[in-house]
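A.B. asks: Provide a 3D model corresponding to the input given below.
(4 chains)
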Amino acid sequence: MYNVDFKIISNRKIAKNTFEMTLSGDTRGIAPGQFVNLKLDGFYLRRPISVCDYTPDTLTLIYKVVGHGTEAMSKMAPGETLDALTGLGNGYDTSRSGDRPLLIGGGAGVPPMYVLAKKLLAEGKKSTAILGFNSADEAFYEAEFKALGCETYVTTADGSYGIRGFVTDAMDLDYTYFYTCGPEPMLRAVYNKSVTSGQFSFEERMGCGFGACMGCTCKTKYGHKRICKDGPVLTREEIVW
Amino acid sequence: MYNVDFKIISNRKIAKNTFEMTLSGDTRGIAPGQFVNLKLDGFYLRRPISVCDYTPDTLTLIYKVVGHGTEAMSKMAPGETLDALTGLGNGYDTSRSGDRPLLIGGGAGVPPMYVLAKKLLAEGKKSTAILGFNSADEAFYEAEFKALGCETYVTTADGSYGIRGFVTDAMDLDYTYFYTCGPEPMLRAVYNKSVTSGQFSFEERMGCGFGACMGCTCKTKYGHKRICKDGPVLTREEIVW
Amino acid sequence: MTNTQVTLSGLTLSNPVIPASGTFGYGYEFAEIYDINCLGSFSFKGTTREPRFGNEPPRIAETASGMLNAVGLQNPGIDKVISEELPKLRKVFRKPVVANISGFSIDEYAECCERIDKEEGVGLIEVNISCPNVHCGGMSFGTSPESAAEVTRAVKAVTSKPVYMKLSPNVTDIAAIAKACEDAGADGVSLINTLMGMRIDLRHRAPVLRNVTGGLSGPAVFPVALRMVWQVYEAVRIPIIGMGGVACAEDVIEMMLAGATAVEVGAANLVDPFASKKIVEELPRVMERLHIENLTDIIGGAHHG
Amino acid sequence: MTNTQVTLSGLTLSNPVIPASGTFGYGYEFAEIYDINCLGSFSFKGTTREPRFGNEPPRIAETASGMLNAVGLQNPGIDKVISEELPKLRKVFRKPVVANISGFSIDEYAECCERIDKEEGVGLIEVNISCPNVHCGGMSFGTSPESAAEVTRAVKAVTSKPVYMKLSPNVTDIAAIAKACEDAGADGVSLINTLMGMRIDLRHRAPVLRNVTGGLSGPAVFPVALRMVWQVYEAVRIPIIGMGGVACAEDVIEMMLAGATAVEVGAANLVDPFASKKIVEELPRVMERLHIENLTDIIGGAHHG
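C.D. replies: Numbering: from 1, shown residues only, chains lettered A, B, ... in the order given. Predicted structure coming up:
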C-alpha cells in the first residue's frame, strides 16, 4: 500500500453517468484487479475505484456516478489533486489463465477487465471479452478492447446495442479460463453458466480498504476473507454464495 | 441581508498573521461597521469578518489567522469563490460624529475604521485615527489612513514602532466624538479614558450572524441585544460592562 | 405529480418541512429574505413563563459538521410572546405555527400551555422536556419515563390542541420515554433535541462555552437522530416529528422512511438562511427521482417485517 | 524539551496515543507501512471466547464527518488470539499492548480475562461492555451501573493486570456507570465506545446496514466524547482513556484537558492509515505552541473550581 497524491490530467464523460479520469502520479505497486481508495473533500470515507489502466506514471480510472461522492468526483477539474491509497487488494492471478482466457465485465466491472486484457496480452495470451451494459447509452470501451485485438462481444439488457440480453447470453464460447467483475447477480449467473474455473472480483462497502477494520469480510470455503485485502478477487473454488 | 458569491481577486499577507483579501461581487447593502459572514469549505459555521472597504462591485476584508478556518482562508487563491452573507449588523451612525471624530482601532479592529474614515470624509468630516498593535510586525494600514488625509497615530504595546503603549496613551487629543473597534479590554480602556460619547463595535461568538439563533446576545441598558443584528455597534450610553 | 402533504394529529401541512425551535426566532429575520409561507409550519423560539436572558456568552462553539449552542432558553416570556410576538408573527406567516413551550416545573409547563392554548394561530404545541442547557428543569424532565409522563398529563389536562413532547437523545432508552408520553396522552413526539457535548479552548485551557456544556446539532447528529426516530416508531403509534441534522430534501425522505410524519430543520437555517426554503423546493424533484407520489406513503417505509 | 510520557495504572507509555480496538486489527497492516513502535500502545481487535464471523454485510455506512460500523466483534476467538495473533504481534510491536476483551456472559468475560492475564505482552486489559453491534450481550452490560459493576468484579477477581472498563455513550448517566466500575475495583475506564446510529438507503427504502443500526465514530462524535470524559473525570479518581473522533494532536490535548490520561485514536486510522503516527509526531510541536512541557501536567487541566 502506498499513499500517493495524484494530479488530475483529464476527467471526461464517456457514457451515461460514467466518467474516465486520467491522473499523473507514482503507480508503483499497482496490479490488474486491484483498486485505489480516494479521499474526496467533504466526504469522510474514501471511495474505492478499480484500476482500469496504468503506466509507470499515469493512472486511468473509470467510475460511475452513483452518489454524492462520485458526483463531486465527476466535477473535479484537471490540475486538482487526489489523495489515493494504491496497491490495494490481491488482484487477478494470470498464471492460471491458459492460452484462451475469457474476460466478462458488467457495467462498472468492465474497467478492470481492460488492464487485465493488456497484462494477458503482454504474456502472449489473446483474450476474448464480453462487455455487458443495461443499454447503448451506458456502453463504453468496446473500441478499446478491440484495439487490443480482443474478440469483443457487447450485450445490452434492453437490446439497444449488440447482443440483446446479459453477458451470459454471449458465453457459449471456447475458453480455457475466465475472469469476471460486475454486480453480484451477474457474478452468480456467470458462475452457473461457466464451464471452466475462473476468478471473480467482488464489491462490498468498505471502511478502510486495506484490511484493518473487518468492515467488508465475507465467508469463503477457506474461511473468512476481507474483500479489500484478501479479495476483491476470489477463485471459483472458494466462493460461498 | 444578501447572499452573494464573491470571487477572490487577491489574498495577500500585509502583516504578521494578517491578510488582506479583495473580492469582486455585488456589495449592495453593505455599510461601514457591518460585517460579512463567510462559508468556508470544511467548516460548519460561517466566519464573520468586518468590512474594511468596498466599491459597488468590490469588497476588501482584512482578517487575522486565529484558527483552522482563517488559516484555510489565508490559503485561498485568486479566482476561487466565497459564499458570503452581506449587509449584516447595524453599522456605525455617522450623524453623531461632529466635525472632528476620533477613530480608535486595535489590531483586527483597525479595518472597520478605514471604511468609516472614508465615509466621514465623504460627509466632509476629517477624522483623526489611532491604530493600536502589539508590535511593529503586526502593524498595517498606517499609510492608507494617512492617504485619506487622517491625522494618524500608531501605538505598539512593545514600543517597537510609533508610540509605546496602548491606544489610550495616544488619546489626549481634541475630538467631538469617537468610534472604536478592538479587543474588549481595549474597548473598556477607551470607555474609561474617553471624554465624549462614542460608538463601540463588539465581537462575540456567533451562530447565524443575522439574528436568528440568539447565540450572541448581550445585556445593555436598553435590554438584551444580539451583537450580530442589533450590534455589533453599541453607543456609550447603552453599554453594560 | 407529487403530493407533499402530511397530517399531524388532524393538522394538515402543505409539506413536512418545519424550521426547528431556536433556529428560526419568530420568523421575522427569514420573512425579510423569503416568503416563509412556503414552509409546512415553523416552531417558534422556546417560551417560558418568565422572561429569560439565558446563559452568559460565549454560547456558541463549532464542531465537525455541527455546532454547540448553550443559549439557555432566552425568550421574552409567555406574556410578551402572546401580546407582541404572535401578532407580529401573524403578519408574516399565515399558517398555524408550532408553539414550543419550556418550563422549570410541572406548573410552569401547564400554565404556559394553558395560555398558548387560546391562541388560534397556534396549530400544535411542542413541549420541550429536553433542553440540555438549563439547570434544574429542562432536560431533567425528559430523562425518565415517569417525569416525562407527568409533564404530558399536566399539559394535556389544560389544552385542546395537539401536544407533541420534544424528547432528549441523552438517554439510555428513548423509546421507553416516548411510550410513557403516549400512554400519558401525548398526541405525538418530536425528536431529537440536541446531544449534550462540549469543546475546550486549548489556549485558555477552559471550556469554550460559559455554560461548560452545550447542545450538539447539525449533520453530525443525523445518524443518531435517525436511529432514535426508527426506535420510537417501533415503540409508539402516535406521529413523530423527526429532527437532528437535516440539511437537504434527501434527509427529509430518510427521516420519513425511518418513521417521521414531519421533519424539523434546525442548524441548517443558521448556516444557510435559505436552507428550509431550498428543502421545500427540492422535495418534489427528489420524490420524482425516487418514484414517490404521495409523501405520506413512505412514512416508516423502511420498516418491513 | 517536551515530555509526552503518561502513566496508566503503573504502565508508562512514551506517549498517550493508542490506536483503538477494531481500527488497528492486530497491527500487521500498519506495521507494513510504518514502525508502529512509535505508538504509546495499541488496543487489539476485541476478542471473545469463541471465534466469531460477526454480522452479515453491509457492515459500513458513511455519515457527515463520521462512519457507522456494525462489524459485530468478528474475531478468531481467545485460543487463536493467544496461540497465533499475539506471537505474530510481538514481532512487529515490542511494547505492552492493550487487550480488548468482549463477552456475552459474565463467565465469558472472566474466562477471557483469566486467559489473557497470563500473556506478558499484555500491559492492560480493556473490557468492552459497550459494543452496540451485538445482541444479548455487549452493550447491555454497559447500560446499567449494576451490570457494569458485576462484570468489573468478575474480571478483577481473575486478573492481576490493570482492568479498564470500556463504557457506552448510549446512556443517560455515564458518570454513574463509571463510578460503579470504580467502586467495583476497576483500575480505569475508557470511553466512549460508538454512539448507536443508522442510515437508510433511499433507493431500496431499507437500512444500509444489515444489522439495521451501527456504531457512529469519527470527528462527528468528538464533542460528545469530550463532554463524557469531562463528566466522568468529575465523578471518579481512576485514570480515563479518552476516545471518540480524535483526529489530530490538538484533539489529544483537548481530551486530556477534559480529563483523559491517554487517548485512543479510532476511525482516523481507517481514513488515513498514517493518522496515529502523524499524531505522535505532531504532539511535541503542538505542546510547544501551547507552552506545555509535561503532558501529564494538563490532565483535567480545564477543570478549575
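A.B. asks: can you give me the helices for the stretch 101-250 of chain C?
C.D. replies: Ranges of helices within the stretch 101-250 of chain C are C:106-117, C:145-156, C:174-183, C:222-235, C:249-258, based on DSSP state H, counting those that start in this stretch.
A.B. asks: and the pLDDT at the residue nearest to residue C:15 when sequence neighbours are not counted?
C.D. replies: Distances taken as Cβ to Cβ, 6 or more residues apart in numbering or on different chains place residue C:4 nearest to residue C:15, at 4.0 Å, with adjacent residues excluded. Yep, even glycine has a C-beta here, placed from its N, CA and C like the rest. Looking at residue C:4, its pLDDT stands at 98.
A.B. asks: next: residue A:20.
C.D. replies: 98.
A.B. asks: buried sites along the longest helix seen in chain A?
C.D. replies: Taking DSSP state H as the criterion, chain A has its longest helix at helix A:111-122. For helix A:111-122, a neighbour-count test (16 or more other Cβ atoms under 10 Å in any protein chain shown) marks A:111-120 as buried.
A.B. asks: residues contacting the residue nearest to residue C:15?
C.D. replies: Neighbour list for residue C:4: C:14-16, C:283-284, C:287, C:295 [criterion: Cβ atoms under 8 Å, 6 or more residues apart in numbering or on different chains].
A.B. asks: go on, residue A:149?
C.D. replies: A:121, A:126.
A.B. asks: element containing it?
C.D. replies: Using DSSP states H and E, residue A:149 sits within no helix or strand.
A.B. asks: check the gap between it and residue A:118 for me.
C.D. replies: Residue A:149 sits 11 Å away from residue A:118, going by Cβ to Cβ, to the nearest Å.
A.B. asks: next one: residue C:116
C.D. replies: Per Cβ to Cβ, residue C:116 is found 73 Å from residue A:118.
A.B. asks: and the longest strand along chain A, how far from the chain's centre?
C.D. replies: For chain A, the strand reaching the highest residue count under DSSP state E is reported as strand A:2-15. Distance of strand A:2-15 from its chain centroid, counting by Cα atoms, centre = their mean, to the nearest Å, is 16 Å.
A.B. asks: that one and chain D in contact?
C.D. replies: Yes - Strand A:2-15 is in contact with chain D by Cβ under 8 Å from any Cβ of the partner chain, via residue A:3.
A.B. asks: contacts for that strand?
C.D. replies: By Cβ under 8 Å, 6+ apart, strand A:2-15 touches A:19-29, A:58-59, A:62, A:73-74, A:76-87, A:133, A:137-141, D:272-274.
A.B. asks: got the CA coordinates for the helix or strand following it in PDB?
C.D. replies: Using DSSP H and E, the helix or strand that follows strand A:2-15 towards the C-terminus is strand A:18-24. In PDB, the C-alpha atoms belonging to strand A:18-24 read as follows (Å, rounded to 0.1, in the frame of the first residue of the first chain):
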ATOM      1  CA  THR A  18     -19.800   7.100 -16.500                       C
ATOM      2  CA  PHE A  19     -16.600   9.100 -16.300                       C
ATOM      3  CA  GLU A  20     -13.000   8.300 -17.300                       C
ATOM      4  CA  MET A  21     -10.400  10.100 -15.100                       C
ATOM      5  CA  THR A  22      -6.700  10.100 -16.000                       C
ATOM      6  CA  LEU A  23      -4.200  11.000 -13.300                       C
ATOM      7  CA  SER A  24      -0.500  11.500 -13.100                       C
END
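A.B. asks: mind listing residues that contact strand A:18-24?
C.D. replies: For strand A:18-24, the external contacting residues (Cβ under 8 Å, 6+ apart) are A:6-14, A:52, A:57-65, A:73-74, A:76, A:82, A:84, A:108, A:138, A:140.
A.B. asks: give me the buried entries from the residues you listed.
C.D. replies: Using 16+ other Cβ under 10 Å, the buried ones in the contacts of strand A:18-24 are A:6, A:8, A:11, A:52, A:59-65, A:73-74, A:76, A:82, A:84, A:108, A:138, A:140.
A.B. asks: looking at those residues, which are in strands?
C.D. replies: Reading strands off these with DSSP E, I get A:6, A:8, A:11, A:52, A:59-64, A:82, A:84.
A.B. asks: quick check: of the residues you listed, which lies closest to residue C:156?
C.D. replies: residue A:64 (52.9 Å; Cβ to Cβ).
A.B. asks: chain C versus that closest one, what's the distance?
C.D. replies: 16 Å (Cβ to the nearest Cβ, to the nearest Å).
A.B. asks: and that residue, bridged to which residues?
C.D. replies: residue A:18 (DSSP bridges).
A.B. asks: does it touch residue A:107 like I think?
C.D. replies: Yes - using Cβ atoms under 8 Å, residue A:64 is in contact with residue A:107, at 6.9 Å.
A.B. asks: looking at residue C:305 now. What's its pLDDT?
C.D. replies: Predicted confidence (pLDDT) for residue C:305: 56.
A.B. asks: what does residue C:141 give?
C.D. replies: pLDDT at residue C:141 comes out at 89.
A.B. asks: give me the nearest residue to it, chain neighbours excluded.
C.D. replies: Excluding the flanking residues, the one nearest residue C:141 by Cβ to Cβ, 6+ apart is residue C:129, at 4.0 Å.
A.B. asks: now do the contacts for the one you found.
C.D. replies: By Cβ under 8 Å, 6+ apart, the contact set of residue C:129 is C:109, C:138-139, C:141-142, C:147-148, C:151, C:165-168.
A.B. asks: please report which of the residues you listed has the highest neighbour count.
C.D. replies: The most crowded member of the contacts of residue C:129, judged by other Cβ atoms under 10 Å in any protein chain shown, is residue C:165 (31 neighbours).
A.B. asks: how far away is the closest residue to chain A within the stretch 1-150 of chain C from chain B?
C.D. replies: Closest contact between the stretch 1-150 of chain C and chain A, by Cβ to the nearest Cβ, is at residue C:65 (8.8 Å). For residue C:65, the distance to chain B (Cβ to the nearest Cβ) stands at 6 Å.
A.B. asks: hang on, isn't that residue packed against residue C:218?
C.D. replies: Yes - using Cβ under 8 Å, residue C:65 is in contact with residue C:218, at 5.7 Å.
A.B. asks: any idea how far residue C:174 lies from residue D:56?
C.D. replies: In terms of Cβ to Cβ, residue C:174 sits 26 Å off from residue D:56.
A.B. asks: before we move on, back to that, closest one to residue D:235 among the helices of the stretch 101-250 of chain C?
C.D. replies: For residue D:235, the closest of these is helix C:145-156, at 22.3 Å, according to Cβ to Cβ.
A.B. asks: all set now, cheers.
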